[in-house]
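> Here's my sequence, what's the structure:
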Amino acid sequence: MMSKSRNFLTEVGLEELPADDDAELNDYGFDSLMIVLLVVEIEKDLGIRVPGALATKENFQTISTIAHLVKKLGAT
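Numbers count the residues shown, from 1 in each chain. Sure thing, here's the model as predicted:
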């Protein structure tokens with residue numbers, strides 16, 4: 001799921017990705033608009049729903065937290 005999460009980030013326009021999956025994405029230009037775009041991309045690509053209550057900065061803080069959220073929502 002880490003690889004898929006990295007692909008989603010490039011799809012929403014994050015040009016530089018950290019080498020470390022636990023690095024803070026906001027240090028690479030990730031912002032709240034990208035969270036919204038990423039939620040749309042995840043839902044469209046994986047066919048899962050990301051509830052608004054889970055579309056938080058904490059759940060989209062690192063590549064690892066994104067992958068964990070997506071797995072928790074049932075994506076394989």
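
> Can you check which helix is longest in the protein?
Using DSSP state H to define each element, the chain has its longest helix at helix 32-46.

> For burial, what's the neighbour tally of residue 13?
Residue 13 is flanked by 12 other residues according to other Cβ atoms under 10 Å. Every residue, glycine included, has its C-beta placed from N, CA and C.

> Test my guess that it contacts residue 31.
No - using Cβ atoms under 8 Å, residue 13 is not in contact with residue 31, being 10.1 Å away.

> Tell me the buried residues in the longest helix of the chain?
Across helix 32-46, burial judged by 16 or more other Cβ atoms under 10 Å covers 34, 35, 37, 38, 39, 41, 42, 46.

> quick one: average confidence on that helix?
Helix 32-46 shows a mean pLDDT of 95.

> Dump the buried residues of helix 32-46 into CSV; add distance to residue 1 as well.
Listed next are the buried residues of helix 32-46 as CSV, based on distance: Cβ to Cβ, whole Å:
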residue, distance to residue 1
34, 18
35, 18
37, 19
38, 14
39, 16
41, 14
42, 11
46, 10
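
> The residue nearest the centre of the chain sits in which helix or strand?
With the centre of the chain defined as its mean C-alpha position, the nearest residue by Cα atoms, centre = their mean is residue 66, 4.3 Å away. Residue 66 belongs to helix 63-72 when assigned by DSSP states H and E.

> buried residues in that helix?
Result for helix 63-72 [16+ other Cβ under 10 Å]: buried residues 63, 65, 66, 67, 69, 70.
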